[in-house]
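*Asks:* dropping a prediction and its sequence here:
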Amino acid sequence: MIAFLDGKVEYINESTLWFDVNGTGYELNMPKSDLENMVVGDRLRIYTYLSVREDAMELFGFIGMEALNMFKKLIKVSGVGPKIAIGILSFLPPSELSMAILSNDVKLIAKSPGIGPKTAGKIVLELKDKIDFAEGIENIMPESDENVDKAMVLSVKNDVIEALTELGFSAVDARRAVRNIEINENTTVDRALSEALKELS
């Protein structure tokens, strides 16, 4: 088992990365959200999971352990393979996916590429008891905002992301815009949407 790789980014496309480790090149399947934060030449550590099937061996990579751990949970769900799990994590960061599972938000999870309401329902059903509430709220809000109603803020964020995707923006762009604006429990969805649209203009 390859637990992690330390090396240099050689090539990036929409779904994979070529990673140079002391002259040996590894092809890694990674969430788009990770790939979009990299540039060729970056030196970093990538946590990995090796998927072995009868007809193929594939290496999946993640910038953080949180994403790797969520990936391992997802692929244990009936009907969710590694590629689908990567697609889900490309759409929903691990902390937000945890909150969606804990709050039974099947509709949001079903917006991930490659799955529908039935598979999203299985994810909620099979993983709800395997996720700690603290895991769900981790990294959603800065530590200084510990008194903020995080569930309410997450609800506003999800509503804004849904509105942006319905307007034609990609899920990745929508989430990036939402991360760049300030949202608290007093922020309305309309106001947050307006601020997010400014980020995308």
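*Replies:* In hand now; what should we look at? This is a predicted model, so every value here is computed, not measured. Numbers count the residues shown, from 1 in each chain.

*Asks:* so where's this protein uncertain?
*Replies:* Scanning the chain for pLDDT under 70 picks out 132-151, 171-172.

*Asks:* and the longest helix for this structure?
*Replies:* Here the longest helix in the chain is taken by residue count, with DSSP state H as the criterion, and it is helix 150-166.

*Asks:* any idea how far that one is from the chain center?
*Replies:* Computed by CA atoms, centre = their mean, to the nearest Å, the chain-centroid distance of helix 150-166 equals 15 Å.

*Asks:* is residue 121 in a helix, a strand, or coil?
*Replies:* Per DSSP: H, G, I helix; E, B strand; the rest coil, the local secondary structure of residue 121 is helix.

*Asks:* so what's the residue count around it?
*Replies:* 15 (other CB atoms under 10 Å). All C-beta spots, glycine's among them, are computed from the backbone N, C-alpha and C.

*Asks:* repeat for the one 3 residues further on
*Replies:* By the criterion of other CB under 10 Å, residue 124 has 17 neighbours.

*Asks:* so who does it touch?
*Replies:* For residue 124, the set of contacting residues under the criterion of CB atoms under 8 Å, 6 or more residues apart in numbering consists of 100, 101, 104, 105, 106, 109.

*Asks:* what residue of the protein is the furthest out?
*Replies:* The outermost residue of the chain, judged against the average C-alpha position, is residue 23 (29.8 Å), by CA atoms, centre = their mean.

*Asks:* look up how far residue 89 lies from that one.
*Replies:* Remark: distance between residue 23 and residue 89 (CB to CB, to the nearest Å) = 30 Å.

*Asks:* ok, and the most crowded of the contacts of residue 124?
*Replies:* Neighbour counts for those peak at residue 101, which has 27 neighbours (criterion: other CB under 10 Å).
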